[in-house]
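**Q** quick check, what structure comes out for this input:
(one chain, ligands or ions: 2)
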Amino acid sequence: MPNSTISTITTITTTPFNDQKPGTSGLRKKVKHFQQAHYLENFVQSIFDSIGDYQGKTLVLGGDGRYYNQQAIQIILKMASANGFGKVIVGQNGIFSTPAASVLIRKKQAFGGIILSASHNPGGPDEDFGIKYNTGNGGPAPEKITEAIYTKTLEISEYLTLDTDTVIDLSQLATHDLNGMIVEVIDSVLDYAQLMNELFDFDAIRNMISNGFTLCFDAMHAVTGPYAIEILENQLGALKGSVINGIPQEDFGGGHPDPNLVHAHHLAELMFSKQSPDFGAASDGDGDRNMIVGNNIFVTPSDSLAILTANADLVPSYKGKIKGVARSMPTSQASDQVAKKMGIDSYETPTGWKFFGNLMDADKVTLCGEESFGTGSSHIREKDGLWAVLFWLNILAARKESVADIVQQHWQEYGRNYYSRHDYEAIETESANKVMLGLREKVKTLAGTQPGSLTVSYSDDFCYTDPVDNSVSEHQGIRIGFTNGSRIIFRLSGTGTSGATLRIYYESYEAESDKMNQDTQQALGELIKLSVDISNLEALTGRTEATVIT
Ligand code: VG1
Ligand code: CO
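**A** Ligands and ions are numbered 1, 2, ... in the order given. This next block holds a predicted model:
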């Protein structure tokens with residue numbers, strides 16, 4: 001075998017950091033924070049010390065290509081070798097989209113994977129970095145593992161690495177021997193593209209495109225560019241240039257790689273202009289999120305999940321196979337309506353993809369979704385941006401109708417769940433905690449009260465009991481539900497890196513067929529006003545307006 005490196009294993013003495021508690025999706029901090037001596041190493045050793053017997057086994061390793069990705073990979077490779085892994089599979093240039101890493105872990109039956117990403121957070125020397133561990137099912141480690149990792153980070157006194165300056169060349173597809181551990185640098189796109197070919201009717205989509213159907217996919221200078229160019233342009237025949245911002249950059253071109261109408265505004269402007277293609281989509285930093293837009297219509301992620309579920313029979317590999325559907329708690333109840341009609345089970349989980357894993361492993365659900373532009377299925381154990389785009393394209397090819405027609409017909413059949421999320425970013429942590437503490441007290445006595453034209457039917461701090469392993473997750477968000485089906489939800493973000501972000505989610509249900517095309521913010525107006533009053537938001541935080549509305 002070429003490129004063999006022999007060196008000695010060294011034990012480095014270290015002291016704990018007290019801020020390495022994983023959030024909604026791994027540990028996310030500023031790059032500079034991660035660059036402190038021993039910071040990354042402590043966390044990686046704590047992962048290794050929490051996951052059981054991996055000696056001689058395989059680890060999948062890659063990230064979204066953001067600043068510090070390459071350096072972190074070199075550090076982790078040496079530590080994996082010193083700790084006794086048999087093999088590490090790395091994406092070329094250190095890159096894997098999150099869904100592609102999940103594909104690889106499952107396909108190669110790896111012990112687990114380490115994904116380096118801060119997803120939709122900005123990248124660059126002064127921005128964010130992140131790391132998370134995925135288990136052998138390809139999904140994010142469940143809470144009992146993330147808690148064990150956190151406990152280890154508080155006790156750690158040493159870590160293992162190799163005493164060598166060797167840098168593994170990640171730019172070429174090759175196999176290396178790093179002190180007895182195999183490092184295999186593989187094509188990041190191949191296995192993922194192959195799975196998509198198996199799941200969807202590529203011939204039907206190709207046919208639709210060759211008959212003049214046009215699309216624009218905004219990769220936001222993030223990881224999905226190469227995947228989208230290969231699949232949409234090379235394999236499905238979309239015009240060259242249909243994928244925009246397709247070259248990954250370490251700082252995502254200076255933007256927020258977050259696919260919503262605010263951050264993907266070029267795409268948004270195009271889709272609401274006279275030049276709009278038939279279909280538009282975008283994905284995030286690590287490729288697990290998606291935004292779906294049609295000519296002059298935005299599809300909320302909650303509606304998208306409902307529409308995919310209702311139309312799943314049009315996609316060959318899902319026909320007749322939808323076991324159930326799960327959504328995170330703040331996601332609108334649109335998919336519940338569909339599940340009811342289809343006679344399948346629906347589940348409500350806390351925010352974060354890790355809560356879907358057990359349900360999929362137990363074959364209770366096939367489709368899952370979150371309001372935060374995340375949709376996916378049991379083909380892997382992560383949400384999957386490009387998968388959602390292909391699912392939509394497959395439906396469009398089968399129905400031969402526009403996105404707008406499909407959405408309107410869906411609303412006519414099931415009613416419309418008006419939906420919006422208001423984010424108040426970078427609030428002082430103490431003020432944000434006061435808001436939540438105040439609400440936690442208030443919700444104890446809200447049921448039965450009648451604010452404005454509404455009547456509160458229940459209010460609580462969401463607590464989830466996993467139906468598979470009975471594990472309990474408390475304090476997952478304040479819910480206020482009204483007798484007419486409307487809801488207001490408050491929770492603090494677990495992915496931010498400065499101060500606190502308060503998210504308020506609004507939903508109202510409309511069944512009358514002539515009221516399907518109201519302005520969303522207006523339709524939710526009473527709920528929005530009520531949420532500000534109930535939370536005492538202005539007085540406690542000084543904020544009068546949300547930072548981002550999606
Ligand atoms: C956010 C979203 C949540 C998502 C998480 C990870 O978490 O709200 O739905 O699962 O990001 O997505 P939070 O705690 O900030 O609300 V990704 O694409 O950033 O890995
Ligand atoms: Co993401």
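
**Q** next, count neighbours for the residue lying closest to residue 199 once chain neighbours are set aside.
**A** Distance criterion Cβ to Cβ, 6 or more residues apart in numbering; nearest residue to residue 199, sequence neighbours excluded, is residue 317 at 4.7 Å. For glycine as for every other residue, the C-beta is placed from the backbone atoms N, C-alpha and C. Close neighbours of residue 317, defined as other Cβ atoms under 10 Å, add up to 13.

**Q** let me see the mean pLDDT of the helix or strand containing residue 290.
**A** According to DSSP states H and E, residue 290 maps onto strand 290-294. Taken as a whole, strand 290-294 has a mean pLDDT of 98.

**Q** just the CA trace of it, in CSV.
**A** In CSV, the C-alpha atoms belonging to strand 290-294 read as follows (Å, rounded to 0.1, in the frame of the first residue of the first chain):
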residue,chain,number,x,y,z
ASN,A,290,-34.4,22.4,1.3
MET,A,291,-36.6,25.2,0.2
ILE,A,292,-39.1,24.6,-2.5
VAL,A,293,-40.5,27.4,-4.6
GLY,A,294,-42.7,27.4,-7.7
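
**Q** that strand close to ligand 1?
**A** No: applying Cβ under 6 Å from any ligand atom, one finds strand 290-294 separated from ligand 1 by no less than 9.9 Å.

**Q** and the helix or strand that that strand is followed by, what does it pack against?
**A** Next helix or strand after strand 290-294 toward the C-terminus (DSSP H and E): strand 297-299. When contacts are defined as 3 or more Cβ pairs under 8 Å, 6 or more residues apart in numbering; DSSP states H and E, strand 297-299 sits against strand 290-294, helix 403-414.

**Q** dump these into JSON lines; add distance to residue 103 and mean neighbour count as well.
**A** Formatted as JSON lines, those follow (distance: least, Cβ to Cβ, whole Å; neighbours: other Cβ atoms under 10 Å):
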{"stretch": "strand 290-294", "distance to residue 103": "16", "mean neighbour count": "26"}
{"stretch": "helix 403-414", "distance to residue 103": "27", "mean neighbour count": "17"}
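
**Q** okay, these in CSV with distance to ligand 2 next?
**A** Listed next are the helices and strands packed on strand 297-299 as CSV, based on distance: least, Cβ to the ion, whole Å:
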stretch, distance to ligand 2
strand 290-294, 10
helix 403-414, 23
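
**Q** which one of those lies closest to residue 437?
**A** Closest to residue 437 of these, according to Cβ to Cβ: strand 290-294, at 33.8 Å.

**Q** ok, residue 477 to residue 436 distance?
**A** 9 Å (Cβ to Cβ, to the nearest Å).

**Q** intersection of neighbour lists for the two?
**A** With contacts defined as Cβ atoms under 8 Å, 6 or more residues apart in numbering, the residues adjacent to both residue 477 and residue 436 are residue 490.

**Q** can you pick out the residue with more neighbours from those two?
**A** residue 477 (22 against 19).

**Q** list the contacts of that one.
**A** 329-330, 350-351, 461-462, 489-491.

**Q** 10 Å instead, please
**A** By Cβ atoms under 10 Å, 6 or more residues apart in numbering, residue 477 lies in contact with 328-330, 350-351, 436, 439, 460-464, 489-492, 503, 505.

**Q** state the phi and psi torsions of residue 150.
**A** phi -60, psi -40 (degrees, to the nearest 10).

**Q** is it true that it touches residue 50?
**A** Yes: assessed by Cβ atoms under 10 Å, residue 150 is found in contact with residue 50 at 8.9 Å.

**Q** isn't residue 273 up against residue 296?
**A** Yes: with contact defined as Cβ under 10 Å, residue 273 reaches residue 296; the gap is 8.9 Å.

**Q** what's the pLDDT at the residue in the chain positioned nearest to ligand 2?
**A** Nearest residue of the chain to ligand 2: residue 119, at 3.1 Å (Cβ to the ion). As predicted, residue 119 sits at a pLDDT of 95.

**Q** repeat for residue 1
**A** For residue 1, the pLDDT comes out at 50.

**Q** contact residues of the stretch 151-300 of the chain facing ligand 1?
**A** Counting by Cβ under 6 Å from any ligand atom, the stretch 151-300 of the chain comes close to ligand 1 at 284, 288-289.

**Q** could you find the closest non-adjacent residue to residue 152?
**A** Spatial nearest neighbour of residue 152, chain neighbours left out: residue 46 (3.7 Å); criterion: Cβ to Cβ, 6+ apart.

**Q** how far off centre is the helix or strand that the one you found is a member of?
**A** Assessed by DSSP H and E, residue 46 sits inside helix 39-48. Distance of helix 39-48 from the chain centroid (Cα atoms, centre = their mean, to the nearest Å) equals 23 Å.

**Q** that one - contacts with which helices or strands?
**A** Here helix 39-48 touches strand 9-13, strand 27-30, helix 31-34, helix 69-83, strand 112-116, strand 128-135, helix 143-155, strand 158-162, going by 3 or more Cβ pairs under 10 Å, 6 or more residues apart in numbering; DSSP states H and E.

**Q** wait, does the second one contact ligand 1?
**A** No: no part of strand 27-30 sits close enough to ligand 1 to count as contact by Cβ under 6 Å from any ligand atom; the gap is at least 8.3 Å.

**Q** measure stretch 452-470 end to end?
**A** Counting by Cα to Cα, to the nearest Å, you get 39 Å between the two ends of stretch 452-470.

**Q** rewinding a little: the inter-axis angle of the helix or strand that the helix holding residue 46 is followed by versus helix 39-48?
**A** Once helix 39-48 ends, the next helix or strand along the chain (criterion: DSSP H and E) is strand 58-63. With axes from the mean of the first three to the mean of the last three Cα atoms, to 10 degrees defining the directions, strand 58-63 sits at 150 degrees from helix 39-48.

**Q** now stretch 103-110, how far from the centre of its chain.
**A** The answer for stretch 103-110 is 19 Å, by Cα atoms, centre = their mean.

**Q** pLDDT on that stretch, on average?
**A** 97.

**Q** alpha carbons of it, in PDB - could you do that?
**A** Presented in PDB, the C-alpha positions along stretch 103-110 are these (Å, rounded to 0.1, in the frame of the first residue of the first chain):
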ATOM      1  CA  VAL A 103     -25.600   7.200   3.100                       C
ATOM      2  CA  LEU A 104     -22.000   6.100   3.500                       C
ATOM      3  CA  ILE A 105     -22.300   5.100   7.100                       C
ATOM      4  CA  ARG A 106     -25.200   2.800   6.200                       C
ATOM      5  CA  LYS A 107     -23.800   1.500   3.000                       C
ATOM      6  CA  LYS A 108     -20.300   0.700   4.300                       C
ATOM      7  CA  GLN A 109     -21.800  -0.500   7.600                       C
ATOM      8  CA  ALA A 110     -19.400   1.800   9.400                       C
END
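
**Q** tell me, how many residues neighbour the closest residue to ligand 1 within the stretch 101-250 of the chain?
**A** In the stretch 101-250 of the chain, no residue comes nearer to ligand 1 than residue 119, which is 2.9 Å away by Cβ to the nearest ligand atom. When neighbours are defined as other Cβ under 10 Å, residue 119 has 28 of them.
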